[in-house]
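Asker: dropping the sequence and predicted coords here.
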Amino acid sequence: MKKIDGFKSYQLLGVAVAAAIFMTGCASTPTVPAPTEQMAVSRAAITAASSAGGSEFAPVQLKSAMDKMDNAERAMGAKNYGLARQLAEESQVDAQLAAAAARAGKAQKAADALQESNRVLRNEIDRNTDK
């Protein structure tokens, strides 16, 4: 074996192979990208749920969505992007549930008002036909 600055060539080869394996391992480690798009979608879903009347008709679901969004933002700040994405997705689902519950609550309220209006009209018709 040929010596190079006190090292045998197989020692240098071993060091080179180890360095190559180390660098390959580091390069192949998947990095989770920041879920900025999901965060924006979740924020929009919360805004939509709030505008739809979520605080009146679905306060529990809306609060859950907002709490999860706060936790997702904290996870983003800590660069824990996997957790941030998961929490943002859960927040979006909770917000969509709140919006659907708000729409259902508004529809029920409108149906109740319509039934009451029909009842008043029937009473008026019955009173006029009894005369």
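Answerer: Sure thing, it's come through. Numbering: from 1, shown residues only.
Asker: I'd say residue 90 and residue 68 touch.
Answerer: Yes - Residue 90 sits in contact with residue 68 when judged by CB atoms under 8 Å, with a separation of 5.0 Å. Every residue, glycine included, has its C-beta placed from N, CA and C.
Asker: ok, the two, which is more surrounded?
Answerer: A direct count of neighbours by other CB atoms under 10 Å for residue 90 and residue 68 places residue 68 higher, at 22 against 18.
Asker: show me the contact partners of the helix or strand containing residue 49.
Answerer: Assigned by DSSP states H and E, residue 49 belongs to helix 36-51. Helix 36-51 has contacts (CB atoms under 8 Å, 6 or more residues apart in numbering) with 58, 61-62, 65-66, 69, 72-73, 76, 84-85, 88-89, 91-92, 95-96, 98-99, 102.
Asker: PyMOL command to pick out the buried ones of the residues you listed?
Answerer: A single PyMOL command selects the buried members of the contacts of helix 36-51 (16 or more other CB atoms under 10 Å):
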select buried, resi 58+61+62+65+66+69+72+73+76+84+85+88+89+91+92+95+96+98+99+102
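Asker: now, the contacts of helix 36-51 that are in helices?
Answerer: Members of the contacts of helix 36-51 lying in helices (criterion: DSSP state H): 61-62, 65-66, 69, 72-73, 76, 84-85, 88-89, 91-92, 95-96, 98-99, 102.
Asker: if we can go back for a sec, for the helix holding residue 49, the averaged confidence score.
Answerer: Averaging pLDDT along helix 36-51 yields 96.
Asker: swap in stretch 97-113?
Answerer: For stretch 97-113, mean pLDDT is 94.
Asker: in it, which residues are buried?
Answerer: Using 16+ other CB under 10 Å as the test for burial, stretch 97-113 gives 97, 98, 99, 100, 101, 102, 103, 105.
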